[in-house]
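only geometry, no sequence info:
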């Protein structure tokens, strides 16, 4: 059974700082997804990682995938307040199995 | 084009009542998924439909939950005899196919509150 663990659960960071969110999954997964969720909103797709060593970047966010370690990371560079949201990773076979989410709060 | 839509956006009901939640997937998407997001449980898979195949119901928490997908498009999630623990946001997603290589696109969700 596929399980996905994400940490930290909560992250409070100062603007301008860097940090990484980690996502571990228990069995082989075809893809790894990262989503963003703002309060009261639905899930917004950020990245889809397809293969070992995949790296994708969008603005201050960069996601990577190591299928051998069954680990994906979401790295935040020089955080800004607009990045405050909850971030979920998800792995899948035929359905998405989500991590617990990381609630990110960026303060001045 | 239009994304996944869900209705109602909010639903308040009394314990013991039945509720129906609706999902309109993206046109042409053959796969449709239901998830539940609740405090303490995170995001949970409930059920998915792929074309005319039998749905995967493995995530439904009890026999009070059921779902239909008519004509391969619109889906309705029905919860009978609602309980307070059913309070959650119910999210629908669709994808071009059920292959794990197809990205899922999420609707805005229905917030269900059971009093």
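Nice, I can see it. None of the values given here were measured: they were computed from a predicted structure.

Residue B:58: neighbouring residues, count only.
The tally of other residues near residue B:58 (other Cβ atoms under 10 Å in any protein chain shown) stands at 10. For every residue, glycine as well, the C-beta is placed using N, CA and C.

ditto for the one 5 residues further on
Look at residue B:63: counted by other Cβ under 10 Å, it has 8 neighbours.

residues contacting it?
Listed by Cβ atoms under 8 Å, 6 or more residues apart in numbering or on different chains, residue B:63 has no contact partners.

now stretch A:40-48, how far from the centre of its chain.
Chain-centre distance of stretch A:40-48: 10 Å, with Cα atoms, centre = their mean, to the nearest Å.

Now find how far off-centre the helix or strand of chain A with the lowest mean pLDDT is within its chain.
When each helix and strand of chain A is scored by mean pLDDT, DSSP states H and E, strand A:96-98 comes last, with a mean of 88. From the chain centre to the centre of strand A:96-98 is a distance of 12 Å (Cα atoms, centre = their mean).

Quick one: check that strand for contact with chain B.
Yes. Judged by Cβ under 8 Å from any Cβ of the partner chain, strand A:96-98 comes into contact with chain B through A:96, A:97, A:98.

If you rank these by neighbours, which is first?
Compared across these, residue A:96 has the highest neighbour count, 28 neighbours, by other Cβ under 10 Å.

so who does that one touch?
Residue A:96 neighbours (Cβ under 8 Å, 6+ apart): A:33, A:90, B:33, B:35, B:43, B:45, B:93, B:104.

The fifth one and residue A:88 touch, don't they?
The reference is to residue B:43. Yes. Counting by Cβ atoms under 8 Å, residue A:88 is a contact partner of residue B:43 at 6.7 Å.

So the two - more neighbours on which side?
Set residue B:43 next to residue A:88 and count neighbours by other Cβ under 10 Å: residue A:88 wins out with 26 against 23.

where's the more buried one, which helix or strand?
When elements are assigned from DSSP states H and E, residue A:88 belongs to strand A:85-92.

same deal with residue B:93?
Secondary structure (DSSP H and E) places residue B:93 in strand B:88-95.

Tell me the first helix or strand C-terminal of that strand.
Next along the chain from strand B:88-95, counting by DSSP H and E, comes strand B:105-106.

Determine the next helix or strand in the C-terminal direction from that following strand.
Next along from strand B:105-106, by DSSP H and E: strand B:110-114.

What residues of that following strand count as buried?
Under the neighbour-count criterion of 16 or more other Cβ atoms under 10 Å in any protein chain shown, strand B:110-114 has B:110, B:111, B:112, B:114 buried.

now swap in stretch A:61-74 and tell me
For stretch A:61-74, the neighbour count (16+ other Cβ under 10 Å) marks A:61, A:62, A:63, A:64, A:65, A:67, A:70, A:72, A:73, A:74 as buried.

Can you classify the last one by secondary structure?
For residue A:74, the assignment made with DSSP: H, G, I helix; E, B strand; the rest coil gives strand.

Tell me which residues touch the closest residue to it other than its chain neighbours, please.
Nearest non-adjacent residue to residue A:74, counting by Cβ to Cβ, 6 or more residues apart in numbering or on different chains: residue A:21, 4.4 Å away. By Cβ under 8 Å, 6+ apart, the contact set of residue A:21 is A:6, A:7, A:8, A:11, A:73, A:74, A:75, A:76, A:87, A:89, A:102, A:104.
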